[in-house]
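1. Got a sequence here, can you build the structure:
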Amino acid sequence: MVRELKKTEYKNVRMTIMASRDFTCLNDKVNNHCDKAAACLQVKDVLEIFMQFLVTKNCSYYKGLQAFGQETSMLRKHVQSSKKRVKDIWEIIEENDDFAWDIEELVEAGRKLNFCPYFASVDNMYQDANLIFCPYGYLIDPVVRSSSNINLKGQVIIFDEAHNMEDECCEKASFQITKQELVDAVEYLSSIGLGVGT
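-> Have a look, this model is predicted:
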């Protein structure tokens, strides 16, 4: 969708893409972990608490992002400078236009300029974005929506590939349980005095 946005007159709207760490994390220590979200938060939290004392146990990309603070316009300029392949951010600092970028461009900018693409997109640039791209799950799963601080009230939502929505909703609302898990649940409820008919 970003490719199509780039072809329109809306290509300069402030936007962000909410994507998982699987696509945006640059930290090798986190990427080698089976649970990237937990590993990332552990590295990030350790960094926030002990930033002045840590040398090797922190995430240099997250630390690099902190240098921007909540200044999203400067962060956007850095992504733009990386995309345009300019040697110096000051070559474009006076430009007032934002631009559409995709995940690959954000990751490339993060690698080149040493900032965390994940938190840049879901925290920093999310704050002032007029257009947000995200997977269905970020919107239809209330737990994910709440943890991502997504407020849908008064928003326009456009679903790409909406014919997949039914399958996505079924997947989010489904779970599997084995016969043994049911037997164990009945036994547990019976043992605490909540007899359940068998």
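2. How about the secondary structure of residue 109?
-> helix (DSSP: H, G, I helix; E, B strand; the rest coil).
3. pretty sure it is in contact with residue 116, am I right?
-> No. With contact defined as Cβ atoms under 8 Å, residue 109 does not reach residue 116; the gap is 10.9 Å. Backbone N, C-alpha and C define where each C-beta goes, glycine included.
4. Please identify which of those two sits among more neighbours.
-> Ranked by neighbour count (other Cβ atoms under 10 Å), residue 109 and residue 116 place residue 116 first, with 26 against 22.
5. Now for that one: which residues touch it?
-> Residue 116 makes contact with 24-27, 59, 61-62, 64-65, 110, according to Cβ atoms under 8 Å, 6 or more residues apart in numbering.
6. give me phi/psi at residue 119?
-> Main-chain dihedrals, residue 119, degrees, to the nearest 10: phi -70, psi -30.
7. mind giving me the domain split of the protein?
-> 2-151, 161-198 (automatic domain parsing).
8. picking up where we left off before, out of the contacts of residue 116, who's nearest residue 125?
-> residue 65 (10.6 Å; Cβ to Cβ).
9. so which strand or helix has the closest one?
-> Taking DSSP states H and E as the definition, residue 65 sits inside helix 60-66.
10. Which residues belonging to that helix are considered buried?
-> 61-65 (16 or more other Cβ atoms under 10 Å).
11. where do the helices sit along this structure?
-> 2-5, 21-24, 28-31, 36-50, 60-66, 72-83, 103-113, 117-119, 136-140, 142-147, 165-172, 179-191 (DSSP state H).
12. how about a markdown table for the ones you listed, with distance to residue 155 and mean pLDDT added?
-> Shown next, in a markdown table, are those (distance: least, Cβ to Cβ, whole Å; pLDDT from 0 to 100):
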| stretch | distance to residue 155 | mean pLDDT |
| --- | --- | --- |
| helix 2-5 | 17 | 85 |
| helix 21-24 | 23 | 86 |
| helix 28-31 | 31 | 78 |
| helix 36-50 | 25 | 61 |
| helix 60-66 | 26 | 83 |
| helix 72-83 | 19 | 69 |
| helix 103-113 | 22 | 86 |
| helix 117-119 | 22 | 87 |
| helix 136-140 | 10 | 81 |
| helix 142-147 | 12 | 80 |
| helix 165-172 | 17 | 83 |
| helix 179-191 | 39 | 90 |
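13. Quickly compare those and say which is most buried.
-> Mean neighbour count (mean count of other Cβ atoms under 10 Å) peaks for helix 117-119 among the helices of the chain, with a mean of 26.
14. What helices and strands are in contact with that helix?
-> helix 21-24, helix 60-66, helix 103-113 (3 or more Cβ pairs under 8 Å, 6 or more residues apart in numbering; DSSP states H and E).
15. sorry, back to before: please identify which of the contacts of residue 116 is nearest to residue 37.
-> residue 25 (9.5 Å).
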